[in-house]
Each structure stands twice: as C-alpha cells, then as structure tokens.
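Student: structure for this input, please:
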Amino acid sequence: MSTSATVVVTGPEGTNFFDPRLIIGPMQVGALVTAALFGSLVIQSYIYFTKFADSLGFKATVKIIQIGHFCAMISTLWTMTVTAYDDPTKLNVLPVGADITVLLTSITSFLTQASSGAKRASGSFYIYRLWRLSGNCLLPVVSEILCIAGQVAAFILVTKAITMSSFSRFVVEQTDVVLIALATRTICDITITAGVTWSLIQKRRNSIVKSTTIIDYLIMWTIENGLTTSLMTLSVMAVFLCLRETFVWFGLYLIQANVVANALLASLNRRLVLRKDRPLSDGDTAMVRSSLLCIACGIVHITPQRPIVIRVDVTHARDTESQIKTHDSFY
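Tutor: From the prediction side, this is the model:
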C-alpha cells in the first residue's frame with residue numbers, strides 16, 4: 001500500500017515506486033513556462049520604464065516580486081531534481097521555494113487587483129480603474145471584498161504549507177481553502193472586466209465620432225486581459241479538482257503570477273498603440289487623446305461629453321435719420 005498518493009504509486013506486484021511524471025514533470029514544465037513568461041516580462045518592463053514615467057514605484061514593486069518568484073522557482077526545481085534525487089520521500093512535503101512562490105503569486109494578484117489605497121499615487125488599475133470609470137462604489141466594493149477574501153485564503157494556505165507533514169494530507173484538508181482562494185480571484189476578475197467594459201461602452205455612446213475607435217481598442221483590450229487572467233485561474237481550479245493528489249495543478253498555479261504581471265504591463269504599454277494609431281486631426285484634439293490614453297491605465301475619470309450650447313448675440317447697427325442727413329451733407 002502506498003505511503004503517499006503524491007510520491008509513491010503502487011506497482012504491478014504490489015511494490016511501491018516513485019513516479020516522477022506526476023511530481024517532477026509538472027514542476028519542470030511550469031518552471032520552463034515561467035522562465036519564458038519572465039523573459040516577456042523583462043521586455044515589457046524595459047518598454048514601460050523607457051517610454052513612460054508615471055507611477056514607477058508600484059510597477060517596480062511588481063517587477064521585484066516577479067524576480068523573487070523566479071528565484072524561488074529555481075530553488076524549487078533544484079530541490080526536486082537534485083537535493084531529493086536519492087531520496088524521493090523528501091517530496092512528501094513542498095520545498096521551501098514552493099511555499100515562497102505561493103506567497104508571491106498571491107501577493108502579485110492582490111496588488112494588481114486591489115491595491116486601491118496606493119492606486120491614486122501609482123496610476124495602476126483594475127479595481128481603482130473600475131471605480132474611476134463607473135463612478136459607482138458597488139462593484140468596486142464587491143471586487144475588493146472578493147480580492148481580500150482570496151488573499152486571506154492564500155495566507156492560510158502558505159501557513160499550512162510551511163507546517164505540513166504530507167502533501168496528500170494537506171490537499172485533502174485544505175481543499176475548501178484552495179477552492180475559495182481560486183474562486184474569489186476568478187469572480188473578482190470577471191466582475192472587474194464586466195464593469196470596466198460596460199463603463200467604456202457607456203462613454204462610447206456619448207463620445208465624439210473620432211474617439212470611438214480609441215474606446216473600441218480599450219474595450220477589446222479590457223476583455224482580453226480579463227479573459228487571460230480569469231481563464232488561467234479557472235484552469236488551475238479545474239486541474240485541481242481532477243488531479244488534486246498530484247503536482248500537476250501546482251505546476252500550473254506557479255505560472256499564474258507571471259501571467260498576471262504580463263497582463264498588467266501589457267495594458268500599460270498598449271498606450272503606445274493609441275499614440276501611433278493616427279496623427280491628430282480636426283475634432284480629435286490633444287486633450288481628448290490624452291484623456292483617452294489615461295483611461296487605459298485608470299488615471300482619470302472621463303465624464304460623458306454633453307452637448308455644448310453656444311449663444312450668439314447679433315447686434316444690428318442702423319443709422320438714424322439725422323445721421324443719414326449729416327452723412328449726405330459731405331457729398
């Protein structure tokens with residue numbers, strides 16, 4: 001009989017053997033994909049820091065966290081492939097590097113979704129952008145509650161993971177907490193995406209004709225980012241429900257942090273596309289273009305444009321009879 005469903009599998013004759021395909025394999029694939037996404041993040045960070053000067057502190061924080069996440073991934077892979085090479089029972093528990101990656105992944109998602117207190121200074125978006133665009137507090141408050149609940153669940157998981165004695169027992173005991181952490185993130189992403197998209201659609205109806213193309217870009221990019229992050233979390237949840245006793249779901253979860261960070265910088269760097277879309281023309285003033293660019297990163301709130309009422313006073317000057325006679329006397 002196997003001592004752990006995660007590390008040991010029962011063989012044909014009742015013997016126990018180590019199956020690296022379900023343990024080391026998912027972690028290696030996750031580490032390779034994470035490395036590729038980290039390279040993409042480096043390029044996007046270079047573009048952002050060289051082209052834009054707004055709110056560098058918040059984006060630098062996200063970048064530093066991703067560097068720590070990547071280093072923790074390297075440590076995890078080293079432990080699983082080198083340190084535990086001659087003793088697979090060491091993999092009955094998660095390596096310390098894996099615990100750190102869980103913590104940094106949750107912090108990345110929390111910062112990009114719900115750091116509304118710093119967003120006024122940082123110029124970042126998601127919940128803050130939803131609030132500024134919609135002008136309504138209901139959806140932002142609901143999203144904030146969901147995000148905080150997901151972060152609390154993540155902290156509980158990290159605490160339990162550090163003190164675990166068996167990965168299989170940990171998964172069984174913490175199934176509800178894992179599902180809460182993943183479900184709240186997904187619902188939060190969907191709520192933010194739907195709210196921002198609806199707000200942009202409302203502004204499109206009240207905008208000038210030549211601004212609708214820019215708003216269409218913003219709507220498309222909002223949906224793309226929302227689908228990317230929410231589908232990533234849904235994939236982790238689905239794999240967890242089907243293969244919770246293996247490392248497959250955990251290997252997929254390790255990719256999530258870089259997906260969220262890349263989506264963040266992609267949303268910011270897409271302002272370059274709006275700048276180069278077309279030159280300024282009549283009716284498409286620099287003020288309108290600048291304001292719409294700010295919508296992309298949630299810096300300002302643009303109210304719908306109302307019809308401008310212009311009052312024209314016309315004064316007709318008429319010569320009096322005496323003035324006409326005086327005028328005629330000169331001839």
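Student: strands along the protein, start to end?
Tutor: Applying DSSP state E to the chain gives strands spanning 8-10, 16-18.
Student: weakest of those by average pLDDT?
Tutor: Mean pLDDT is lowest for strand 8-10 out of the strands of the chain, coming in at a mean of 42.
Student: show me what contacts the nearest residue to residue 23 once chain neighbours are set aside?
Tutor: Excluding its sequence neighbours, the residue lying closest to residue 23 (C-beta to C-beta, 6 or more residues apart in numbering) is residue 247, at 5.0 Å. Quick note: C-beta positions are derived from backbone N, CA and C, even for glycine. With contacts defined as C-beta atoms under 8 Å, 6 or more residues apart in numbering, residue 247 is in contact with 6, 22, 23, 24, 25, 26, 27.
Student: surely the second one touches residue 250?
Tutor: No. Counting by C-beta atoms under 8 Å, residue 22 sits too far from residue 250 to count as a contact (10.8 Å).
Student: what about the closest residue to residue 101 other than its chain neighbours, neighbour count?
Tutor: Nearest non-adjacent residue to residue 101, counting by C-beta to C-beta, 6+ apart: residue 72, 4.6 Å away. Residues lying near residue 72 (other C-beta atoms under 10 Å) number 23.
Student: dump the residue contacts of residue 72.
Tutor: Contacts of residue 72 (C-beta under 8 Å, 6+ apart): 97, 98, 100, 101, 104.
Student: again, 6 Å this time
Tutor: 97, 100, 101 (C-beta atoms under 6 Å, 6 or more residues apart in numbering).
Student: got these as CSV, with neighbour count, pLDDT and distance to residue 110 columns?
Tutor: CSV is the format used below for these (neighbours: other C-beta atoms under 10 Å; pLDDT from 0 to 100; distance: C-beta to C-beta, whole Å):
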residue, neighbour count, pLDDT, distance to residue 110
97, 18, 87, 20
100, 21, 90, 16
101, 29, 89, 15
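Student: export the residues you listed to TSV and tack on distance to residue 199?
Tutor: Below are those laid out as TSV (distance: C-beta to C-beta, whole Å):
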residue	distance to residue 199
97	41
100	37
101	34
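Student: nearest to residue 162, of those?
Tutor: Checking the contacts of residue 72 against residue 162 with C-beta to C-beta, the nearest one is residue 100 at 9.8 Å.
Student: give me the distance between the closest one and residue 76.
Tutor: 8 Å (C-beta to C-beta, to the nearest Å).
Student: low pLDDT regions in the stretch 151-300 of the chain?
Tutor: 207-211, 274-300 (pLDDT under 70).
Student: PyMOL command to pick out the buried ones of the contacts of residue 247?
Tutor: Typed into PyMOL, the line below selects the buried ones among the contacts of residue 247, using 16 or more other C-beta atoms under 10 Å:
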select buried, resi 6+22+23+24+26+27
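Student: got TSV for the contacts of residue 247, with pLDDT and distance to residue 264 too?
Tutor: What follows is the contacts of residue 247, written out as TSV (pLDDT from 0 to 100; distance: C-beta to C-beta, whole Å):
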residue	pLDDT	distance to residue 264
6	42	33
22	78	32
23	80	31
24	84	31
25	86	30
26	87	26
27	86	25
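Student: could I get the contacts of residue 247 in JSON lines, plus columns for distance to residue 38?
Tutor: Below are the contacts of residue 247 laid out as JSON lines (distance: C-beta to C-beta, whole Å):
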{"residue": "6", "distance to residue 38": "27"}
{"residue": "22", "distance to residue 38": "25"}
{"residue": "23", "distance to residue 38": "23"}
{"residue": "24", "distance to residue 38": "20"}
{"residue": "25", "distance to residue 38": "20"}
{"residue": "26", "distance to residue 38": "18"}
{"residue": "27", "distance to residue 38": "16"}
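Student: in helices only, show me the contacts of residue 247.
Tutor: Those of the contacts of residue 247 mapping onto helices are 24, 25, 26, 27, per DSSP state H.
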